[in-house]
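*Asks:* Quick check, what structure comes out for this input:
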Amino acid sequence: MSKIDYIQSMQLYFASNNDHKRIEMSRLLGGHTLLLPKDKGIAFDPDETGSTYIENAVIKAEALYSIVHAPVISDDSGLSVKALGGAPGVHTARYGDDTADHELSSRDRYMLLLKNMEGVKDRSAVFTTALCLILDENRRYIIQESCEGAIALEPSGTSGFGYDPVFWIKEAGVISAELPEGEKDRYSHRGKAARLMAMLLEKEEKR
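*Replies:* Okay, the predicted model is just below:
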């Protein structure tokens, strides 16, 4: 398969086990096919040892590319809260696991965050996404974008996933989970990064 063939078909392996992220990322990249490792029976759980979102995105992309030897895209995202010294940061997806005897649900995590923010006046926070695209051994792209906001006093809304019910988007002036998917994409960290990545893929097609 030529370079142009696989870019036009936009069949990329997505270095994640998260179905919610796959749905969102596929939509943001224009609805093209994203294959999760589990779709092909691939066990995929790399150690995310990076100290930054970019480092972890690269770790995941390289780990999956070394298995499939086909175009791969990865995502590493996190929520940094000023009053918590930037936490949970790169540990956002595992926030609270070190104090629990079971894996926490998304609701458990954002309710724990609200508990840890009780009485805090400065609730400013930022969501960040780093994307890493590997097309072949010699071509890779890395993009990082962010969305500024604050931690709400209580959860609200039913859209989205993860911490969306407690993240107030500064630019939109509403809780992330209160926005329809298409509207959220305009402001979200992942939406901004994915739009730039889609532009890069389009340029690759024309090379």
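
*Asks:* Which of the three states applies to Tyr110?
*Replies:* helix (DSSP: H, G, I helix; E, B strand; the rest coil).

*Asks:* And for it, the neighbour number?
*Replies:* Residues lying near Tyr110 (other C-beta atoms under 10 Å) number 24. (C-beta placed from N, C-alpha, C; glycine too.)

*Asks:* need the contact list for it.
*Replies:* Tyr110 is in contact with Pro155, Gly162, Tyr163, Pro165, Val166, counting by C-beta atoms under 8 Å, 6 or more residues apart in numbering.

*Asks:* Which members of these are the farthest-apart pair?
*Replies:* Maximum pairwise distance in these, criterion C-beta to C-beta, is 11.7 Å, between Pro155 and Gly162.

*Asks:* For the spatially most central residue of the chain, what is the enclosing helix or strand?
*Replies:* Nearest to the geometric centre of the chain sits Ser77, at 4.1 Å (C-alpha atoms, centre = their mean). Secondary structure assigned from DSSP states H and E places Ser77 in strand 72-81.

*Asks:* now for that strand, which elements pack on it?
*Replies:* Using 3 or more C-beta pairs under 8 Å, 6 or more residues apart in numbering; DSSP states H and E, the elements in contact with strand 72-81 are strand 12-14, helix 19-28, helix 53-68, strand 88-89, strand 124-136, helix 189-206.

*Asks:* closest one to Arg109 among these?
*Replies:* Arg109 lies closest to strand 88-89 among the helices and strands packed on strand 72-81, at 8.3 Å (C-beta to C-beta).

*Asks:* Check which helices and strands that closest one sits against.
*Replies:* Helices and strands touching strand 88-89, as assessed by 3+ C-beta pairs under 8 Å, 6+ apart, comprise strand 72-81.

*Asks:* if we go to 10 Å?
*Replies:* The helices and strands touching strand 88-89, judged by 3 or more C-beta pairs under 10 Å, 6 or more residues apart in numbering; DSSP states H and E, are strand 72-81, helix 106-116.

*Asks:* Need the ones you listed in CSV (columns: mean pLDDT).
*Replies:* Formatted as CSV, the helices and strands packed on strand 88-89 follow (pLDDT from 0 to 100):
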stretch, mean pLDDT
strand 72-81, 96
helix 106-116, 95
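
*Asks:* Tell me which of the ones you listed is the most buried.
*Replies:* strand 72-81 (a mean of 25; mean count of other C-beta atoms under 10 Å).

*Asks:* for the nearest residue to Thr52 once chain neighbours are set aside, what are its contacts?
*Replies:* Excluding the flanking residues, the one nearest Thr52 by C-beta to C-beta, 6 or more residues apart in numbering is Val90, at 6.9 Å. Applying C-beta atoms under 10 Å, 6 or more residues apart in numbering to Val90 gives the contacts 48-53, 55-56, 76-78, 80, 128, 130.
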